[in-house]
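Visitor: Pasting the sequence and the predicted coordinates here, then a few questions.
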Amino acid sequence: MEKVGILGGTFNPPHLGHLIIANEVMSSHGLDEVWFMPNHEPPHKKRSDNVSSSDRIEMLKLALQNHPGFKLELIELEREGPSFTYDTIRILKEHYPQKQFYFIIGADMVEYLSKWHNIDKLLELITFIGVRRPSYNLQTPYPILYADVPEMGISSSMIRSRVKEGGTIRYLVPDSIRSFIKENHLYES
């Protein structure tokens with residue numbers, strides 16, 4: 001059975017931290033592929049940029065183009081309304097019954113698993129892989145695998161701020177994404 005990791009997020013923009021996490025988890029757990037699954041902006045986040053879903057998709061395509069095991073999965077962007085992980089995974093399992101799914105989450109999310117929609121049913125469908133981070137408690141009553149990933153203080157919000165302030169994002173995102181952001185005037189004030 002093919003082992004597929006899923007890395008969800010807004011990817012606004014995708015950065016080297018996302019790629020390193022995917023690569024490290026793929027290697028440490030023998031995954032065949034990692035699917036990057038962009039989602040809609042969560043309702044609790046205020047959008048203050050000029051970036052569309054199609055811009056985020058294009059940036060992800062650029063980020064993933066040089067790794068044969070990285071794929072783009074658009075199911076959450078194509079569905080209307082709120083996207084709960086349980087519903088998404090149920091649909092993916094119906095479409096790909098021959099695949100075993102692993103959901104990659106940061107240490108910050110490990111602490112909140114008890115609050116996830118239908119967490120007990122979700123655990124029947126997938127295995128979680130938690131990415132270790134300093135200063136986060138990885139204690140959870142749920143069965144979860146872990147991966148050690150080099151610590152990087154890169155975030156999408158930091159990149160957006162730097163662009164807005166005219167700073168450099170070289171070596172924080174792939175060069176192709178840096179060019180795309182510049183050419184399309186994304187995140188500028």
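Guide: Sure, I can see it. Since the model is a prediction, treat every value here as computed from it, not as a measurement.

Visitor: make it CA atoms for all contacts and neighbour counts henceforth
Guide: Fine.

Visitor: Can you show me the helices along the chain?
Guide: Along the chain, counting by DSSP state H, helices occupy 16-28, 53-64, 75-78, 85-95, 107-110, 119-125, 156-164, 175-183.

Visitor: other SSEs contacting the fourth one?
Guide: Contact here means 3 or more Cα pairs under 8 Å, 6 or more residues apart in numbering; DSSP states H and E; on that basis helix 85-95 packs against helix 119-125.

Visitor: Go through the helices of the chain and find the least confident stretch.
Guide: Ranked by mean pLDDT, those end with helix 107-110 at the bottom, a mean of 83.

Visitor: Now residue 73: closest residue in space, sequence neighbours ignored.
Guide: residue 37 (4.9 Å; Cα to Cα, 6 or more residues apart in numbering).

Visitor: Across the sheet, point out what pairs with that neighbour.
Guide: Assessed by DSSP bridges, residue 37 has beta-bridge partners residue 8.

Visitor: follow-up on the earlier one: who wins for proximity to residue 136 among the helices of the chain?
Guide: The closest of the helices of the chain to residue 136 is helix 107-110. By Cα to Cα, the value is 6.0 Å.

Visitor: related to what we said a few turns ago, tell me how many other residues surround the residue nearest to residue 73.
Guide: 20 (other Cα atoms under 10 Å).

Visitor: how close does it sit to residue 135?
Guide: 27 Å (Cα to Cα, to the nearest Å).

Visitor: that older thread, for the helices of the chain, which one sits closest to residue 147?
Guide: Short answer: helix 16-28, nearest of the helices of the chain by Cα to Cα, at 5.9 Å.

Visitor: Contacts for the closest one next, please.
Guide: 5, 7, 31-34, 63, 104, 129, 131, 147-149, 152, 154-155, 171-174 (Cα atoms under 8 Å, 6 or more residues apart in numbering).

Visitor: Among these, name the buried ones.
Guide: 5, 7, 31-34, 63, 104, 129, 131, 147, 149, 155, 172-174 (16 or more other Cα atoms under 10 Å).

Visitor: Show the pLDDT at the closest residue to residue 98 other than its chain neighbours.
Guide: Nearest in space to residue 98, with sequence neighbours left out and distances taken as Cα to Cα, 6+ apart, is residue 1 at 5.9 Å. On pLDDT, residue 1 comes in at 90.

Visitor: Please report how far residue 1 lies from residue 101.
Guide: In terms of Cα to Cα, residue 1 sits 10 Å off from residue 101.

Visitor: is residue 104 in a bridge, and if so with what?
Guide: residue 7, residue 129.

Visitor: Verify the stated contact: it with residue 132.
Guide: No. Contact criterion Cα atoms under 8 Å: residue 104 and residue 132 do not qualify, at 10.9 Å.

Visitor: Let me know the distance separating the nearest residue to residue 151 once chain neighbours are set aside from residue 95.
Guide: Counting by Cα to Cα, 6+ apart, residue 133 is the residue found nearest to residue 151 once chain neighbours are left out, at 6.9 Å. Distance, residue 133 to residue 95, by Cα to Cα: 33 Å.
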